[in-house]
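Engineer: Please work out how this folds:
(one chain, ligands or ions: 1)
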Amino acid sequence: MITKINNFIKYPLYFSPISYFEKIIVNSHFGGLIKCIVCGSISLINVKDNNLRETCVCIKCGSTNRQRQIAYVCLEAGLQNRKHLSSLKDFIKLDDFVVYNTEASGAIHCQLLKMKNYIYSEYFGISYTSGDIVNNIMHQDLMDMSFSNETIDLMISSDVFEHIPDPYKAHKEVYRVLKHGGRHIFTVPFYQTEFLDEDRIGNDNEGNIVHLKKPLYHEDPLRPEGALVYKIFSLEMLVKLRKIGFRTNLYHIYKPLYGILGKNAIVFEAIKE
Ligand SMILES: [Zn+2]
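Structural biologist: Coordinates of the predicted model:
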């Protein structure tokens, strides 16, 4: 009998829309008290609109919902065989942990700056070579990093890989520079119900860039025109990461008391096996 077939869990998994509780938060522009795991404070969050992922800003450190999602998974990464870490304030005391962040601004960066083995970079354009110092900040092209093999414990990227022309070449580079057991904790725009990545940029026969979709730009503090989106990811990404050698966890996190809410609280953790 297969009459009850719809009762089984099947893929894709469709998440429910914004909850009643979240609607109240959006309408009141006030998210209430949280324990901020970026700055370690008991704080309040501001909610500007229903894009909960990019708002819910901690009034003490400026961390967004998305940054707290990444911090939450980082704390778990730092937890391996260690004592409980309640916020990044504990995490930064891990002196033997080499952390590489692909951005040099924002609330997470400001906390990690106090860490002993903290490396950070930005991408300044094709005229520079990875490792160059530009305006006191290291330049790195993630498709060709200057770091030695197996030197990094934890790499963080937050909505970066969709802007890389060949993101899987960059993932292979990440695999090269991570230590065994090391991990890349990241967020990207991700279609939870699609099987194939959406290529927004292609190349013609002469190798010139061709827009396959209407150009899409994300806000970027370094570029007034914004950063061009090359790809929106899907399940295909998890398969490709596996082929590179990563075991990737997709976390859908919901921790309102930490100011982590909304249906898009998705963080990836690619572990080098
Ligand atoms: Zn905070």
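Engineer: Apart from its chain neighbours, what residue comes closest to the residue of the stretch 101-250 of the chain found nearest the ion?
Structural biologist: Of all residues in the stretch 101-250 of the chain, Ala107 sits closest to the ion, at 6.5 Å by Cβ to the ion. To be clear about C-beta, it is placed using only N, CA and C from the backbone, and glycine gets the same treatment. Once flanking residues are discounted, Ala107 sits nearest to Ser63: 3.7 Å by Cβ to Cβ, 6 or more residues apart in numbering.
Engineer: Could I get the contacting residues of that neighbour?
Structural biologist: Shown in contact with Ser63 (Cβ atoms under 8 Å, 6 or more residues apart in numbering): 36, 38-39, 57, 71, 106-108, 259.
Engineer: quick check, nearest of the residues you listed to Tyr251?
Structural biologist: Nearest to Tyr251 out of the contacts of Ser63 is Ala71 (Cβ to Cβ; 12.4 Å).
Engineer: ok so, going back, check the residue nearest to Ala107 and give its pLDDT.
Structural biologist: pLDDT, Ser63: 94.
Engineer: host element of it?
Structural biologist: For Ser63, there is no enclosing helix or strand under DSSP states H and E.
Engineer: all numbers from here: first residue = 298
Structural biologist: OK, 298 is where the count begins now, so the last one is Ser360.
Engineer: Just the buried residues of stretch 399-414, please?
Structural biologist: 399-401, 403-406, 408-409, 412, 414 (16 or more other Cβ atoms under 10 Å).
Engineer: Narrow the residues you listed to those in strands?
Structural biologist: Counting by DSSP state E, those place none of their members in strands.
Engineer: Which single one of those is nearest to Ile568?
Structural biologist: Distances from Ile568 to those, taken by Cβ to Cβ, are shortest for Thr399, at 17.7 Å.
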